[in-house]
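Engineer: Structure, please.
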Amino acid sequence: MTSLLLLWSLGYVLYSGSTQGKEFYKDIASGITGDGKAGVPVINLALPLLLAGSLCSIFLVESSVQVSIPFSRSWSANKLSRMLTGGDLDLWYFNVVFLLIPCTVYVLSVIYRHFHNGLKSTDKYLMEGANSFGMMAEVAMAFFLVPVSKGFNPLLVVFGLDPIYATKIHIWAGRIGAFGVIVHGVGHCLRWFLDEELTVLGEIWPPQSCWNGVASKYCYNYFRNLTGIISGIAFSGILMTSLEFIRRRYYRVFYACHMIFMPIVFGAAIMHHPRLIFYLCPGILYYFATSMPMIMQLIANYSKGGTRLLSVKHIPYSGNCVEMCFEADAFVAQNKAAQYVRLRIPQVALAEASHPFTIVPSPADPTSLRIIFRETGKFTKELSRQLASTWYRERLVFLLDGIYSGPDRLQQALHHDSVVMVAGGIGITPFISLMFSLFSHLDQSTAFKGEKVIPMTNSVTLHWVCRDEGLIQHVITNYFSQLFSDGSLGSNMSRRDFPTFRIIIHHTSPELVQGNGSDISRVPVLACFTIDDEDEKEDESSSPQSEERAPDDQIESEVVVCNQSGVKFETAHFAPCRQSVVGNLPSFVLFSSIGFLSLMVLWRHYESEILPNKYSTSVRVWGLLIASLLSVLLSIAAEVLIGPHLSSFQNFIVSWRSKPANADSIDVQLSQMDAARVSSEDDSQHHRALHAVKHGDEECKVTTIQHSRGRLSESELLPYLNESDFPALFLCGPTNLLKSVRSAVRTSEGFRSCGIQEKRCAIYTESFEL
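Structural biologist: Numbering: from 1, shown residues only. Alright, predicted model coming up:
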């Protein structure tokens, strides 16, 4: 249903530019709203978007039972799996198909419609051509704010888009809109320049007599031109400060310009044209419905002292990495793979947007929320400096909001027989949670209850390229060591068909790399056997860590216990709990109330104020101001009256959904398992390449941490991909590392493109550099 609503809007953009399309949509709008002009964007842009967001808010429910997908060797099943899980969506193609091409078709159709019957003068050609590009800008800006909406963004969650990557859609829509605005303004300026009786400045700046506050048709033309020029200049300022090198080097300038110029763009544009508000309102109202509740929750948290910081650890020999631990509800700690929160600290950076940080899970401490970051930009450097000082640290107010996520990395990984992760430096953080999620899911999967049921995922390999020995030691000691030491895990590890887990750490510290990148020492982690003292000593003697690094007690720094005021971290109050439709009701009610009531306010203001005062430009902006005030009041009321109780309500829904499955659900699981059974011959053949060791009379796989000197080479990476039928490659790290890995995979003999590929590697990338 959500897709149909958005396809309706896409069809409008593609078809409405023609003569037949214009009349078709005009008749529909007239029949529903009674206004064939203002009703067109409401029916075809605003209502579909708000309805799609509301439906996503109420029906976003995750399955409580997850069964590993059985591996199938049939050609059709593998082809379908490749189509559905072929890697991350390429947003370049997405933007071309769903933004650039529809907007191009729209503007060309409008130009053809205007020029088809012929015009009498050059001035008319310029005017209609300029107006056509202005109309294209209106359409492009309709969904401009949807990808960057704060708080819970239901459409991005449903379509599996990472909010960070989705900003590319926002950038493309903004650039197309800016291009249309600039051409629109230049076209009209050219008209005035070519007319000998007019001057450009004379058509833009109203005469003295028009500043007396009395609206008239004569003065309206001047104010319309002036507001259009103001909007265009402000839009150009946003466009220039959004360039890559300015955004990276002068982020505060970029952010300040956005916050200052964007209200000017919208306000002046709304005063420029009487019906433009209805082209801009879809994205604006969607932004209000998702962002205002989160902003009110942050304000409420600020009044309580923010989120309580439990401890801080400056990790030595880690390249200036810091670990922060916040108090959180146990429900929050059970997060999925590669999720993140946004952190804002007014005392560190008041005039900046919140910064995203990946959540690092710790099963040993389920009531905490941990993040690890490296000092890179101004924000993280200043934050690290103030955290090191007791005087500064006790005055910091931590405003956390979330939890946010992109695609479900766990489910994506489970669609592949071999999962390979490549992390660079601090890019290990999203893969810590993915490793925990994969191990926990495969360990508890019902697929291991049968004798011959094989899960699709049979091998998980993590390559971590890192030069900071302190960070390596910290992650191994505090996180990777918990993978198999928790007594609640490992119940199925003794089975011979349990997937192999490998963690391969590539030490690239200059002190360790001495031209010999082939020295590898295996350090087995708690698996289905233990190492005796002799083997342990032998491993220590050949390990690069034991040879070159300081002892562990010198590596680990002391944890600074903080006596911070504040409250436990809670997820966004009005985000769907995703456990049941009942649990999603608060999110649905608030989103729908803000979106549709604000749209009703805009429509009522249009009929009662804008239409009767068609020559007054200032009155047009009041409707948007009233709608924004309404969204603030609704969000405050919801936060004060309902917000404090939502955490208990969501925990109740989660506990209710976590009850043991009844007999019917068990029968469903058993039937799925029976359908997934394969022959014992295929069983042994499927696992022919997996390593195994003997422990007594039981055969099991060795789950190891390997240590390697030097950078990751193709010979170390490609075998894990080439030996599988449908591999997946997960990446997170510096740009140069990711480019080299992608290049190695794409030029490999096993994955070289040649017509219809029987086998290709699906690539998934986590955000690293913003």
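Engineer: How is Ile428 assigned, secondary-structure-wise?
Structural biologist: helix (DSSP: H, G, I helix; E, B strand; the rest coil).
Engineer: thought Ser618 was touching Met271?
Structural biologist: Yes. Using C-beta atoms under 8 Å, Ser618 makes contact with Met271 at a distance of 6.6 Å. From N, CA and C alone the C-beta is placed, and that goes for glycine too.
Engineer: More neighbours: which of these two?
Structural biologist: Met271 (23 against 13; other C-beta atoms under 10 Å).
Engineer: ok, and for the helix or strand harbouring that one, which residues are buried?
Structural biologist: Taking DSSP states H and E as the criterion, Met271 maps to helix 251-272. Buried residues in helix 251-272, counted by 16 or more other C-beta atoms under 10 Å: 251, 254-255, 257-258, 261-262, 264-272.
Engineer: ok, now stretch 472-483?
Structural biologist: 472-476, 478-480, 482-483.
Engineer: neighbours of Trp172, just the number please.
Structural biologist: Neighbours of Trp172 (other C-beta under 10 Å): 22.
Engineer: So for it, what's the pLDDT?
Structural biologist: On the pLDDT scale, Trp172 is placed at 94.
Engineer: I'd like the distance between the closest residue to it other than its chain neighbours and Ala137.
Structural biologist: Spatial nearest neighbour of Trp172, chain neighbours left out: Asn95 (4.1 Å); criterion: C-beta to C-beta, 6 or more residues apart in numbering. To Ala137, Asn95 is 16 Å away according to C-beta to C-beta, to the nearest Å.
Engineer: hang on, the earlier thing: contacts for the helix holding Met271?
Structural biologist: 223-224, 227-228, 230-231, 234-235, 237-238, 241-242, 246-247, 276-277, 280, 284, 349, 351-353, 377-378, 617-618, 620-621, 624 (C-beta atoms under 8 Å, 6 or more residues apart in numbering).
Engineer: then stretch 291-303 to CSV, C-alphas only?
Structural biologist: What follows is stretch 291-303, C-alpha atoms only, in CSV (Å, rounded to 0.1, in the frame of the first residue of the first chain):
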residue,chain,number,x,y,z
SER,A,291,11.0,15.7,14.2
MET,A,292,8.9,17.7,16.7
PRO,A,293,8.2,14.8,19.1
MET,A,294,11.9,14.0,19.2
ILE,A,295,12.8,17.7,19.8
MET,A,296,10.3,17.9,22.6
GLN,A,297,11.7,14.7,24.2
LEU,A,298,15.2,16.2,24.0
ILE,A,299,14.1,19.4,25.7
ALA,A,300,12.4,17.3,28.4
ASN,A,301,15.6,15.3,28.9
TYR,A,302,17.7,18.5,29.1
SER,A,303,15.5,19.7,31.9
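Engineer: what's the average pLDDT for it?
Structural biologist: On average, stretch 291-303 scores 92.
Engineer: again, but for stretch 714-729
Structural biologist: Mean predicted lDDT for stretch 714-729 stands at 81.
Engineer: Of the buried residues of stretch 472-483, which is the nearest to Pro41?
Structural biologist: Tyr479 (50.7 Å; C-beta to C-beta).
Engineer: Can you check the pLDDT for that closest one?
Structural biologist: Listed pLDDT for Tyr479 reads 88.
Engineer: what comes up buried for stretch 7-18?
Structural biologist: Buried, per 16+ other C-beta under 10 Å, within stretch 7-18: 8-10, 12-18.
Engineer: scratch that, stretch 735-745
Structural biologist: In stretch 735-745, counting by 16+ other C-beta under 10 Å, buried: 737-738, 740-742, 744-745.
Engineer: again, but for stretch 597-609
Structural biologist: 597-599, 601-603, 605-606.
Engineer: same deal with stretch 344-352?
Structural biologist: 344-345, 348-349, 352.
Engineer: do the same with stretch 171-189
Structural biologist: For stretch 171-189, by 16+ other C-beta under 10 Å, it's 171-185, 187-189.
Engineer: Mark which of those residues are part of helices, please.
Structural biologist: 171-185, 187-189 (DSSP state H).
Engineer: Okay, Leu434 and Glu203: tell me how far apart.
Structural biologist: Distance, Leu434 to Glu203, using C-beta to C-beta: 60 Å.
Engineer: Ok, Glu197 next?
Structural biologist: 11 Å.
Engineer: Of those two, which one has the most company?
Structural biologist: Glu203 (19 against 6).
Engineer: The buried residues of stretch 7-18 in helices, which ones?
Structural biologist: Per DSSP H, the buried residues of stretch 7-18 map to helices at 8-10, 12-15.
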